[in-house]
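[1] Here is a sequence together with a model predicted from it:
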Amino acid sequence: MVRANGPGPRVAWVAMHLDPAGRTPDELLRDGWRDFGRTAAAARRAGAQVTMIQAAWQDGDGEFDGVPCFFVAEPGQPLIRLPGGRAILRRPRRLLERVRALAPGLIHFDGIVYPRALRALAATVPDVPIIVQDHGTKCPRGWRRWWYRWGFAPIAGVTFTARPQIEPFTQAGVLRTDLPVFEVIEGSSPFTPGDREAARSAAGMEGDPCLLWAGNLDANKDPLMVLDAVSRAARETPGLRLYMCFRHASLLDAVHARIASDSVLVERVRLLGAVPYPKMETLLRAADFLVQASHVEGSGYVLIEALACGTTPLVTDIPSFRRITGNGRFGALTPIGDAAALAHAIRDWSRRDRAALRRGAREHFERELSFDAIGAQLYAAYTQVLSRQ
């Protein structure tokens, strides 16, 4: 068996999901896997001896920022197709063997998904504790609850962005009520603050305040409520401007109609549509505030990206946003669906010292949301789970 050397816990970071784009291991290491790899590298810097094992369409290996990475393909079709178009992952025999050969002291399993595969993993290395990291999984319904309860019964701990996010799973009996829960931010961002005026010039943005929306135009994100709030807030902040970037837009017609019906919004709202990821850093640097009105989120990557750029979020009061904003110390938290409350937050935060807000946002990001902060959170979770064995 291959064993890592050194004092820290030997952690096998196991990811069963197959890349939907079918990219090669080299392509994933170069492009598609960057933030995933950065998080593992941060856990390694914190003291854990992390090795990543990823299900893939073809075999390969490499290294990402000091973390050994193994990509393991299974022979034949990896999915079992079920009636109704559903599919489950076949037992990943070769991947399980690779994990066993590494002789880890702990397994970090990526996502509350693939219950059959996790159960098989637990049987393959029966004396190794498994900690599962949530990535915004919705609690299963119907017969799937039994399936998940059976599959995830062996785990020794679970991480969520915010502790209250486990409640639907324990209430449904999917996860044990005595399971250790650790608050670990799901991911981070390489974005940095920059010159706001230069960013505004490059992005063609203006406003006092300048607001940025970054999210799909759908019912969960609630763009119509945000438009109502902007219309209200503009009565006292006439220099306000809102820029909305989005990809999927089931409510696009309704958004267009709402803007067209209100002269205040016609003058102040610009729909940008889809924006390439690298350009998002410029937009976030240019904005004074990020606005987001989600009803439910597993995490909140755009909030993290905003804080990385020094941009303050004005968002809904949901568990993950509460955690990311430091319980509202580094951003406004407003009730879901409450346009009046969001309008008040826009007016209130616009009157504050924005240079101080930008400094505070970035400092909070570095302390709590950066890759190194997440690495420390993971290392603490690993060591606590191992101490219970």
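    Done, it's in. Residues are numbered from 1 along each chain as shown.
[2] Measure how buried Ile53 is and give me the count.
    Number of residues near Ile53 (other Cβ atoms under 10 Å) recorded here: 26. (C-beta placed from N, C-alpha, C; glycine too.)
[3] Please, which helix or strand holds it?
    Element membership for Ile53 (DSSP states H and E) is strand 49-55.
[4] and this protein, what are its domains?
    10-188+371-387, 196-369 (automatic domain parsing).
[5] average pLDDT across the last one?
    Averaging pLDDT along domain 196-369 gives 97.
[6] First-to-last residue distance for it?
    Domain 196-369 has an end-to-end distance of 22 Å (criterion: Cα to Cα, to the nearest Å).
[7] all numbers from here: first residue = 55
    With 55 as the first residue, the last one maps to domain 250-423.
[8] can you pull out the helices in the stretch 155-304 of the chain?
    169-178, 198-206, 221-225, 250-257, 277-287 (DSSP state H, counting those that start in this stretch).
[9] Go through those helices and name the closest to Pro61.
    helix 169-178 (25.4 Å; Cβ to Cβ).
[10] Who are the packing partners of that closest one?
    strand 141-143, helix 147-156, strand 160-164, strand 184-187, helix 198-206 (3 or more Cβ pairs under 8 Å, 6 or more residues apart in numbering; DSSP states H and E).
[11] Measure how the longest one sits relative to strand 160-164, angle-wise.
    Looking back up the chat, that one is helix 147-156. For helix 147-156 against strand 160-164, the angle by axes from the mean of the first three to the mean of the last three Cα atoms, to 10 degrees is 150 degrees.
[12] buried set for helix 147-156?
    By neighbour count on 16 or more other Cβ atoms under 10 Å, the buried set for helix 147-156 is 149-150, 152-153, 156.
[13] From those, pick the one nearest Arg312.
    Leu149 (48.7 Å).
[14] thought that closest one was touching Met106?
    No: shown here, Leu149 and Met106 do not form a contact pair, counting by Cβ atoms under 8 Å, at 11.7 Å.
[15] in stretch 302-316, what's buried?
    303, 305-306, 309, 312-313, 316.
[16] rewinding a little: what would the helices and strands packed on helix 169-178 look like in CSV with mean pLDDT and distance to Tyr297?
    CSV is the format used below for these (pLDDT from 0 to 100; distance: least, Cβ to Cβ, whole Å):
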stretch, mean pLDDT, distance to Tyr297
strand 141-143, 63, 39
helix 147-156, 96, 44
strand 160-164, 97, 34
strand 184-187, 98, 33
helix 198-206, 95, 40
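[17] I'd like to know which of those lies nearest to Gly380.
    Judging the helices and strands packed on helix 169-178 by Cβ to Cβ, what sits closest to Gly380 is strand 184-187, at 21.2 Å.
[18] List the neighbouring strands of the strand holding Ile107 plus their orientation.
    strand 64-69 (parallel), strand 121-126 (parallel) (DSSP bridges).
[19] Of those, flag the one that's most buried.
    Of all those, strand 64-69 carries the top mean neighbour count, a mean of 25, counting by mean count of other Cβ atoms under 10 Å.
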